[in-house]
Each structure stands twice: as structure tokens, then as C-alpha cells.
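A.B. asks: pasting the sequence and the predicted coordinates here, then a few questions.
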Amino acid sequence: MKNQALQAVPNIIASDAKNGIKTTCPYCGVGCGVQVLVEDNKFNVKGDQQHPANLGKLCIKGKNLADTIDNSNRLSAPTIDGETVSWDRATNYVAHQFKEIIAEHGPHSVAFYVSGQLLTEDYYVANKLMKGFIGSGNIDTNSRLCMSSAVAAHKRAFGEDIVPMSYTDITQSDLIVLSGSNLAWCHPILYKRIRDEKKRRPALKVVVIDPRVTASNELADLHLPIRAGGDLVLFNGLLNYLAENDDINCAAEGLETALEKARLDLPKLVNIELDAADIEAFYALFVKSKKVVTLFSMGINQSEQGVDQGNAIINCHLASGKIGEVGSGPFSITGQPNAMGGREVGALANTVAGHIEFSDTALIDALAQFWKTDNIATQAGLKAIDLFDAIDEGKIKAIWVMATNPAVSMPDSEKVGRALDKCPLVIVSDCVARNDTIKFADVVLPARGWGEKSGTVTNSERRISRQRAFIAPYTGAKPDWWIVSSVAQKMGFTEQFSYETERDVFLEHAQLSGLDNQGSRAFDISAFSKVSEEQYQNWVPVQWPQPNPKAIVLSDQLMFERGKYFTPTEKAQIIAVNDKLMGEKISGFTLNTGRARDQWHTQTRTGKSALLSNHYPEPMVEMHPEDAFKHQLLDQTLVNIISKDSNLVVRVKHSHSQTLNSLFMPIHWSSANSHQGAVSKLVTANVDPISGQPAFKHAYVDVSACSVNSEAQLVVRQKLPLDICFYQIEQTVKDGYCYHLASQDTPKTLFRRLQALLLEHGEIDESSRQIQAIDDKAMYYRQSYFHGKKLLAGVFVASDKKQLPQGWVSQFYAARENDAQMRGTIAADVVALQDEKIFCQCLKVSVANIKSAIAEDSSSVERVRECTGAGNSCGSCIGDISLMLDHYAKRVG
Ligand code: SF4
């Protein structure tokens with residue numbers, strides 16, 4: 001048995017090499033099933049062929065999950081003010097502090113900020129403690145940042161937060177509209193379904209509505225490069241078109257009023273930067289197609305009019321009757337693995353629990369009896385932005401952050417950091433020991449991570465699956481539901497939080513969903529109120545609703561088939577909405593933020609994988625070449641991005657994928673891996689007035705050049721502090737780290753400084769052998785260090801980033817086996833080295849291979865795949881081949 005205190009490598013508890021353990025991927029809302037096998041004492045993570053979400057397929061992130069299972073950056077015991085304490089002491093302390101603060105300042109002086117990474121059981125207990133026993137609505141989840149606008153749109157249209165779709169609808173439609181969704185990068189397995197179906201049935205049409213050219217364009221029959229925020233005008237135009245072209249088949253209420261309002265937006269169609277012919281083509285396709293699925297995601301939700309945009313989409317489906325039948329409907333795709341589970345339990349501040357709303361006082365009384373409490377919250381709590389503002393204003397005295405990193409992910413993140421800094425009590429429970437939020441914590445509680453915890457999650461299609469443990473928990477780490485229950489018991493709620501297992505929690509959650517329900521709420525899983533331990537362990541993924549234990553439905557469930565909705569009239573509501581953004585002329589740039597293909601959130605998991613870190617090693621701001629020319633910003637140079645309250649230095653990437661005056665930056669960097677911090681500090685906390693969701697998709701910024709004298713890459717075996725240069729990015733590479741640096745030093749001075757640093761940090765010593773290529777005139781300095789044959793470190797310095805080996809560096813420790821090869825590398829043409837970067841991670845096809853296939857006239861994605869093999873495993877890079885073809889076509893053109 002391994003010494004638990006020195007548990008650097010996870011202990012494997014899934015020893016059945018044949019069947020392994022079935023669980024779900026911890027990343028996106030597709031919710032793919034995975035099977036974890038143990039072979040030769042190593043994990044092998046495969047797609048679960050029986051899971052309906054993915055049928056055995058995984059994207060590159062899921063496929064490389066095994067790479068991310070380690071125990072670095074873990075905490076083995078709770079801490080109070082940095083001092084290690086027992087669990088008993090920590091939970092007593094938190095309970096006591098909460099009680100004191102509540103006694104002095106009232107229940108609304110405390111808050112929880114939770115996460116779509118929690119399991120439903122964790123979420124349920126946290127929500128129950130805050131809303132049921134502390135008596136405040138002050139619990140909100142980071143799903144507020146992701147899809148709370150879609151939630152509000154569903155409630156307005158359907159009377160309840162219901163995603164009416166299944167993934168199989170996607171493959172049964174005639175037209176798929178991607179609106180504000182780069183599905184190919186953000187939900188790759190769903191995109192793969194579309195690719196496979198389009199191959200089988202070429203008549204299937206795909207329309208992509210996105211200001212950028214993204215990897216999702218690969219399958220697009222029509223791309224509408226809309227001005228950011230223009231979707232409401234576009235869909236209002238569609239509603240009007242449906243009416244004018246006799247495609248109304250509407251049982252919903254409110255059509256006439258909505259049409260009147262929609263018509264007011266028609267003059268704005270010229271402001272959304274689309275060709276009239278393209279708009280007409282989209283509208284005609286929508287009318288012509290019998291079955292239409294509109295997939296929408298963050299591009300719609302993260303807007304100051306995100307709820308109205310969601311309703312504008314839903315309106316078109318309701319008006320045309322393209323809903324309530326297989327292959328048709330509006331489909332909100334969630335970002336996080338258990339965003340839907342959080343919505344089910346009520347972890348958004350404006351819902352009570354189990355899809356019970358604050359307006360339903362009779363039901364709240366019944367819930368109070370069910371929970372055995374006389375202190376249930378009767379009003380909505382603060383939504384995320386208001387919650388952190390209240391901390392800043394001193395109204396909230398204690399915040400408990402669970403499994404999330406608001407100091408990075410919230411807009412105006414520097415202000416969030418300042419608020420946390422002055423909050424009298426900050427508690428963080430997380431499965432990492434360090435992140436930007438933990439820096440502000442008075443109490444840190446080590447929680448179990450993926451692979452250690454057990455419970456349920458719900459994906460974007462309402463499908464509940466089990467997450468199962470397959471490794472022994474890291475020493476001292478506890479399940480979140482246990483941590484919250486322990487604090488609740490010590491606050492005096494012993495009986496109501498006396499859960500012994502996660503199943504106990506799940507049974508109560510299932511029972512609550514059936515409380516006075518009788519078909520009045522779609523979210524009803526009371527069929528599972530009595531599942532045995534064996535049934536819970538052997539759970540197969542099922543969609544809700546499931547009200548009847550004698551008739552569990554295992555097949556996909558169609559919603560609204562009979563036209564019954566959950567509004568007072570039982571009819572769907574078409575909501576009259578109007579654009580408020582497209583009238584303004586913006587000066588400066590619109591900054592759009594989003595995800596990169598191979599990273600997830602703040603990289604706490606994906607950042608551990610050299611392979612995943614190689615796709616997008618540094619954060620880059622993408623800018624149209626014409627804008628770059630106008631501002632005299634050369635490709636790959638550093639620029640200042642300046643917002644109202646902050647600024648950030650980042651590398652610019654010329655990209656024809658951007659429209660003019662718009663920028664794109666990925667969200668995955670923070671002060672844990674970048675000296676410059678997180679992009680969210682540039683985003684002003686403007687929110688949708690209904691949902692409170694921040695407008696991450698259109699922050700307004702200016703850009704100016706940031707000149708530096710030297711650029712460098714430093715490759716080392718051990719982590720270094722992030723204060724070597726004002727611009728410093730840390731990238732995980734195979735067996736080490738690469739630091740991307742820029743400085744005002746001359747290249748020679750920086751080279752000397754980095755050499756000294758390697759000595760100082762013990763990466764090399766005086767006896768280390770060196771191979772170098774130095775040219776003072778050309779100002780490049782390249783040096784590798786060895787002990788015997790072991791490669792220790794590499795320093796690459798130049799006056800210009802383009803003279804550095806860049807992407808290839810991730811292969812530094814693996815790619816060169818002897819001195820001659822290393823000498824060749826040091827002295828080689830760096831452009832050739834850059835092209836050695838791996839493009840298709842699964843099959844190890846390089847950028848050079850793709851370029852030469854294109855040069856030899858492989859003019860389609862299929863031809864490039866045939867010639868190189870790229871994309872023929874997980875398929876995640878197929879969209880990138882399409883982008884590369886597009887790039888070369890534009891360059892040649
Ligand atoms: Fe995981 Fe999403 Fe990829 Fe599926 S599509 S493997 S859930 S990241």
C-alpha cells in the first residue's frame with residue numbers, strides 16, 4: 001500500500017482491466033461517457049460505446065484524460081489562515097464563523113458561489129443549506145456566466161427551464177443552424193455527429209452564424225459573419241419572413257405582438273454586416289426545411305440582450321411549428337459538464353430548488369415541510385455580478401467558493417480579486433492547492449477531484465449519468481456534499497444533513513422533484529426516489545422527466561409533442577423582443593472571448609497535458625490583417641489591449657477569420673500561468689438585465705503596439721517563478737515546461753540573464769555541457785545544456801518572435817536523441833523547426849505535412865486527410881484543416 005501522505009501518483013481502485021469503470025468526461029456539456037481501464041498499471045481512458053451521448057467517441061480532450069490524472073497541486077488537509085488543521089476543526093470553524101456573522105448581520109450577509117463542476121449531489125446539499133436553513137437566496141453558480149440567459153429564455157417561452165431536445169434530433173433534421181456556437185472546438189463530439197450525418201446524407205444543410213470564421217465552418221453550406229450582437233435582429237427578421245412567406249404554424253401565444261416588435265428591427269438588418277442575399281438564403285432555407293435544429297451557445301447567451309436573443313430563436317421555432325417533433329427545435333448547449341444538474345437543484349440564485357420558483361409560495365411552504373425547516377428563503381438571492389459587488393461594498397461578510405475560480409473567470413476580474421481581498425471570511429473548497437482565488441482564502445478545504453468523486457451529472461440533453469470513482473481519494477480530500485453537510489450539522493442542522501452516502505442525497509433530490517408535482521413541472525425524477533444502492537451503482541444514462549418508477553423510459557424523450565407547456569395557459573409563449581445594440585456605432589474594437597480547442601477553463605486539468613497545451617501554447621489576440629495594417633501591428637508582435645479599467649499585453653495573430661474591428665482571445669490563462677493575468681479583467685461587468693449573465697462576447701477595447709527588444713523561450717525540467725519578465729507565459733511540454741518571454745533587455749542581455757537564472761535555480765551547473773549557436777549580428781542566441789546525454793534545458797533568444805522555434809519546442813525533450821541532431825536543431829532554420837510542430841496530435845502529423853499536402857494541390861479537407869492521415873483518429877483537428885485551407889486560399893487570393 002502506498003504511503004498516502006506521499007501520494008504523488010493516484011492509487012488505482014479500478015483494477016478490473018477488462019471492464020474498467022464507466023464514468024463521464026469532466027469537461028464540456030456534451031457529457032460523453034468514458035470507460036477507464038487499467039492496463040500495465042496505467043490508465044487507459046476510452047469512450048463508452050454504450051453511452052448515448054457519444055457512442056464510444058471522444059474528442060482530443062476526453063481522449064487525453066489519462067494525461068491529466070496526477071496529484072500535483074493538491075492539498076492534503078484543510079487550512080485556516082495557512083495553518084494545517086483537522087477536518088473537525090475546519091468544519092467547526094466555518095460553522096461557527098457563519099453562525100456569528102449571520103447572528104450579527106443577518107442571513108443575507110453570507111453567500112455561496114458554486115460551480116458546474118460540482119456533482120448534482122454536491123450542488124443539492126449546498127443549495128439546501130443556503131436556501132433552506134441559512135434562509136437566504138445567496139447561492140449562485142458559475143453557470144450564471146455560461147447559460148443563465150438560455151435558462152431565462154426557456155422559462156419565458158415554455159414556463160420552465162426545459163431544453164426540449166436530444167442529440168439524436170441533430171441527425172434527424174434537414175437544417176442545422178449553429179448560432180453563436182463554435183461547436184467544432186467547444187462541443188466536438190456533437191460536431192462529429194453532424195459531420196458523420198452530412199457525409200451519409202449530403203442534403204443536410206448547415207448554416208453557421210458567427211462573426212468569426214471558425215473550425216465549425218468546415219461543414220457550413222452558408223456562413224453568416226454577423227456583427228457581434230446582431231443575432232436578435234437576424235432572428236427578428238426571420239420571424240417577419242416566416243409571416244410574410246406563409247410559414248406560420250403556431251399554437252403559441254403572443255405571435256402578433258412579437259411580430260409588431262420584430263418589424264421595428266427590420267431597418268437594422270443593414271447594420272449587422274451581412275449581405276442581403278445571404279440573409280435571404282438563410283431565411284429561405286429555414287422555410288424550406290421541414291425539420292430545423294438551432295443550436296445556440298455562449299455567443300448568444302453572453303450578451304447584454306442574451307435572454308432576448310434566446311427568445312428570438314425560440315420564437316422562430318414556435319411560430320413555424322418547428323418544435324415538439326423529432327429533428328426540430330431550439331437547442332441550448334451548455335458549456336459545463338453539470339450546468340444542467342445545478343439548474344435542477346436550484347443553484348442559480350433566482351430559483352428555490354427542483355425547478356420550484358420563488359413566486360410559488362404554496363410550493364415553497366411544502367418544500368419547507370419536506371426539508372423540515374422554518375427558515376426557508378422567500379426571495380431570490382444575488383446573481384454572480386451583484387454578489388461580488390455586494391462583497392466589494394462590504395454587505396457580504398463571508399463567501400464560500402466551491403470548485404470554481406472567480407478571480408479568473410468573472411468579468412472585471414481585478415475588481416473581484418479586490419473584493420475577495422477585503423471580504424472578512426473567504427472559504428474555498430477545491431481539488432487544487434493553488435489558483436488565483438485560493439490566494440484570497442482564509443480557509444481552504446481540500447475537495448475530491450474527477451476520478452475520486454462519485455455522484456450524478458446531467459448533460460445538455462437532460463441526460464443523467466453517473467460519475468464514478470476509479471482512484472482512491474487523495475489523502476485528506478473529501479466529497480463536497482460531505483464537507484457542506486459537516487458544516488451544516490455543526491451549525492445545528494444535524495438531522496436534516498445526516499447523509500451517509502451520495503446516494504442518500506440523490507434519493508432526497510429525486511423525491512423533492514416529485515413534491516406536489518403531478519405533471520405540473522417537467523423536471524420530475526421521482527421515479528428514482530427509492531433506488532437501491534445496487535441500482536444507483538448500476539445506473540444507466542437516462543433523460544428526464546422520469547415520474548413513474550414502473551415505467552422508466554430508456555429511449556430518447558421528445559418534449560412538447562402534445563403541445564402542452566408549463567405556463568399558466570399551458571401554451572408556449574412567443575416573447576416580443578427588440579434589439580438594443582445594433583443602433584450604436586462602436587469606436588475601437590469589439591473583443592470576443594471564448595475557448596480554444598484543447599483547453600478547458602483555467603487549465604487546472606488540461607494544462608497538465610503537454611499534448612493538449614501544444615495546440616495553443618500562448619494566448620493570442622486574433623485580429624484581421626487590415627486592422628493590423630492600419631494600426632501597424634506586425635504578426636506575432638506584442639500589443640496592449642486597453643479596456644476602460646485595465647490592460648493586458650498579449651501577442652497578436654493576424655487572422656482572416658476575424659471581421660474588421662473585432663478581436664478574439666481565449667479565456668484559459670490566469671496569473672497561475674501568465675504574468676499578465678486573465679483576459680476577463682478587460683471585460684466590463686455589463687450584464688443582461690433579466691438573467692444577470694455578463695456580456696463576455698463584446699467588450700469594448702483599444703489596441704496599441706507594445707515594443708520589446710527581445711523575445712525568448714526557455715525550456716526547463718522544473719517550474720520557475722512567473723516573474724522573470726513582464727511578459728511570461730508558462731506552457732507544459734513533455735517532461736518539462738517552456739516559458740515564453742519578452743523583455744526590454746537586448747537579446748544578448750536577456751540571454752545572459754537566462755543563463756544565470758538556470759544556474760541559480762539549479763537547472764544546470766558549471767559542469768553542464770553546452771551546445772550553442774550564437775550570432776551577435778543576427779541577434780540570435782540558442783543554447784542547450786546536457787549532463788552526459790541527458791538534455792537539461794534550452795535557451796532560445798532573438799529580437800523577433802518569428803526567429804524562435806515556437807510550436808516545436810513542446811517536443812524539445814523528446815525530439816532529439818543525440819548531439820548531432822541537437823546541434824542541427826540549434827543551428828537549424830527556425831521556420832522549418834516551427835513546421836515540425838505536431839498538427840494532428842493523435843496520429844502525429846506535422847504542420848509541414850499538412851502544408852506540403854496543400855501545396856501539392858490538396859484543395860479539400862478530404863484530400864488533405866487522405867494524403868496525410870490527419871484527422872482520422874479523434875477528428876478534433878479536421879476543422880483546423882479547413883481553417884488552414886481557408887488561410888492559404890485567402891493568402892493566395
Ligand atoms: Fe469531453 Fe466534451 Fe470532448 Fe465529450 S466532447 S470528450 S464531454 S470535452
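C.D. replies: Perfect, thanks for sending it. Bear in mind that the values here come from a model prediction, so they are computed numbers and not experimental data.

A.B. asks: how close does the residue lying closest to residue 263 once chain neighbours are set aside sit to the ligand?
C.D. replies: Taking CB to CB, 6 or more residues apart in numbering as the measure, residue 263 lies nearest to residue 240, with 5.7 Å between them; neighbours along the chain are not counted. The way it works is simple: take the backbone N, C-alpha and C, and place the C-beta from them, glycine included. Counting by CB to the nearest ligand atom, to the nearest Å, the gap between residue 240 and the ligand amounts to 36 Å.

A.B. asks: and residue 258, by the same measure?
C.D. replies: According to CB to the nearest ligand atom, residue 258 and the ligand sit 35 Å apart.

A.B. asks: now do residue 425
C.D. replies: Here the distance between residue 425 and the ligand works out to 35 Å (CB to the nearest ligand atom).

A.B. asks: can you name the residues that contact that residue?
C.D. replies: Residues near residue 425 by CB atoms under 8 Å, 6 or more residues apart in numbering: 97, 101, 397, 398, 399, 442, 443.

A.B. asks: if we ignore the residues flanking it in sequence, what's nearest it?
C.D. replies: Across the structure, with CB to CB, 6+ apart as the measure, the residue nearest residue 425 apart from its sequence neighbours is residue 398 (3.9 Å).

A.B. asks: ditto for residue 29
C.D. replies: Here the nearest residue to residue 29 in space, its sequence neighbours aside, is residue 334; by CB to CB, 6+ apart that works out to 3.4 Å.

A.B. asks: give me every residue that touches the residue nearest to residue 263.
C.D. replies: The contact partners of residue 240, taken as CB under 8 Å, 6+ apart, are 259, 262, 263, 266.

A.B. asks: quick check: which element contains the third one?
C.D. replies: Spelled out, it's residue 263. Of the helices and strands defined by DSSP states H and E, residue 263 is found in helix 255-264.

A.B. asks: quick one: list the elements packing against that helix.
C.D. replies: Counting contacts by 3 or more CB pairs under 8 Å, 6 or more residues apart in numbering; DSSP states H and E, helix 255-264 packs against helix 231-244, helix 306-320.

A.B. asks: just the buried residues of the first one, please?
C.D. replies: Read it as helix 231-244. 231-243 (16 or more other CB atoms under 10 Å).

A.B. asks: could I have that helix exported to CSV, CA atoms only?
C.D. replies: These are the backbone C-alpha positions of helix 231-244, laid out as CSV (Å, rounded to 0.1, in the frame of the first residue of the first chain):
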residue,chain,number,x,y,z
ASP,A,231,-28.4,37.8,-33.8
LEU,A,232,-31.5,39.3,-32.3
VAL,A,233,-32.0,41.5,-35.4
LEU,A,234,-31.4,38.5,-37.7
PHE,A,235,-33.9,36.2,-35.9
ASN,A,236,-36.5,39.0,-35.7
GLY,A,237,-36.0,39.4,-39.4
LEU,A,238,-36.6,35.6,-39.8
LEU,A,239,-39.8,35.8,-37.7
ASN,A,240,-41.1,38.5,-40.0
TYR,A,241,-40.0,36.5,-43.1
LEU,A,242,-41.9,33.4,-41.8
ALA,A,243,-45.1,35.5,-41.5
GLU,A,244,-44.6,37.1,-45.0
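
A.B. asks: and it with helix 255-264, angle?
C.D. replies: Going by axes from the mean of the first three to the mean of the last three CA atoms, to 10 degrees, helix 231-244 is angled at 120 degrees with respect to helix 255-264.
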